[in-house]
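Q: Fold the following.
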Amino acid sequence: ACAKGCKWEKALQIFEFMMHKKVESDTITFNSQITAYDKGGEWKKALQLFTKMAQRKIKSSVSTFSAAISACKMGSEWRRALHLFSVMRQSEIESNSISFGAAIGALGEVGDWGKALHLLSMMAQCEQDFNAQTYTSAISACEKGSMWEQAIQLFREMGKNKVEYHNITFNATIRASEKCGEWQHALHLIRTMSRTRVDPDVSTFGAAISACEKGCEWERALQ
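A: Numbers count the residues shown, from 1 in each chain. So this is what the prediction gives:
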């Protein structure tokens with residue numbers, strides 16, 4: 001309850017008290033503490049607890065892996081996050097939307113758009129819920145891989161699935177268009193922002209202007 005209620009420091013104090021008193025911990029207890037470390041941005045300590053579970057032969061669950069993967073993602077330890085996701089799959093533990101989302105987020109950061117799209121497909125097969133962050137991470141992976149058409153396709157898929165658009169989603173899609181000089185798509189996305197009542201920011205206009213410059217549409221860049 002403390003971990004989920006953002007009282008992660010209190011949760012850790014309780015756990016340390018339990019360890020001091022040598023109270024036997026179980027999967028649920030460890031999950032709560034790993035989640036607390038995740039909330040507190042302490043990815044190293046989250047992994048230490050994850051390792052300690054294995055040493056004590058305490059069975060890990062999907063919640064265990066999801067919290068550990070999320071902690072690594074929050075700490076920008078993308079490759080560690082992907083390794084944990086791989087271990088979870090090898091352990092035949094069924095993934096949930098949190099673990100999928102964290103793994104796709106890691107792939108988005110390293111620009112592995114192929115694997116990101118593969119995980120999205122797996123999410124659909126497992127009937128997991130998609131959210132804006134999941135789509136944005138996949139779009140970011142496509143952007144880093146200069147795969148603007150795939151980014152646009154994911155953006156449209158969000159609309160079909162009635163997933164709410166966010167500013168960061170538009171920015172990632174516009175950047176994908178900008179990298180390939182697709183200024184028409186960049187300007188269309190800005191108009192779509194207005195229709196969906198999502199406010200653009202400096203990054204939005206910067207990417208759109210850059211797209212116009214690359215497309216030799218300097219007059220539109222000045223408008």
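Q: buried residues in stretch 88-97?
A: Neighbour counts using 16 or more other CB atoms under 10 Å place M88, I93, S95, N96, S97 of stretch 88-97 among the buried residues. Backbone N, C-alpha and C define where each C-beta goes, glycine included.
Q: Check stretch 30-45 too.
A: For stretch 30-45, a neighbour-count test (16+ other CB under 10 Å) marks 30-40, 42-43, 45 as buried.
Q: Now for the residues you listed: which two are most distant?
A: The largest separation in the buried residues of stretch 30-45, counting by CB to CB, is between S32 and W43 at 16.5 Å.
Q: now stretch 104-120, how far from the chain's geometric center?
A: 9 Å (CA atoms, centre = their mean, to the nearest Å).
Q: Could you do stretch 32-41 as well?
A: Stretch 32-41 has its average C-alpha position 17 Å from the chain's average C-alpha position, going by CA atoms, centre = their mean.
Q: and the gap between S177 and L107?
A: Using CB to CB, to the nearest Å, S177 is found at 20 Å from L107.
Q: do K144 as well
A: Using CB to CB, K144 is found at 10 Å from L107.
Q: Those two: who's more crowded?
A: When K144 and L107 are compared for neighbours, L107 comes out ahead with 27 against 21, by other CB atoms under 10 Å.
Q: and S203, what element?
A: Remark: S203 resides in helix 202-214, with elements defined by DSSP states H and E.
Q: which helices and strands sit right next to that helix?
A: Using 3 or more CB pairs under 8 Å, 6 or more residues apart in numbering; DSSP states H and E as the contact definition, the elements that helix 202-214 packs against are helix 167-179, helix 183-195, helix 218-222.
Q: Of all those, which one comes closest to M74?
A: Distances from M74 to each of the helices and strands packed on helix 202-214 were compared by CB to CB, and the smallest falls on helix 167-179, at 16.1 Å.
Q: Any stretches of this structure with poor pLDDT?
A: Within the chain, the stretches with pLDDT under 70 are 1-26, 214-223.
Q: show me where it has helices.
A: Secondary structure of the chain (DSSP state H): helices at 8-20, 27-39, 43-55, 62-74, 78-90, 97-110, 113-125, 132-144, 148-160, 167-179, 183-195, 202-214, 218-222.
Q: rewinding a little: K59: which of the buried residues of stretch 30-45 is nearest?
A: Within the buried residues of stretch 30-45, proximity to K59 (CB to CB) peaks at F30, which comes in at 9.9 Å.
Q: What distance do you get for the nearest residue to that closest one once chain neighbours are set aside to F170?
A: Here the nearest residue to F30 in space, its sequence neighbours aside, is M53; by CB to CB, 6 or more residues apart in numbering that works out to 5.2 Å. In this structure, M53 and F170 are separated by 40 Å, where distance is defined by CB to CB.
Q: what's the answer for I209, then?
A: Distance check for I209 against F170: by CB to CB, it reads 15 Å.
Q: quick revisit: check the helices and strands packed on helix 202-214 for me and report the most buried one.
A: Between the helices and strands packed on helix 202-214, the one whose residues have the most neighbours on average, counting mean count of other CB atoms under 10 Å, is helix 167-179 (a mean of 25).
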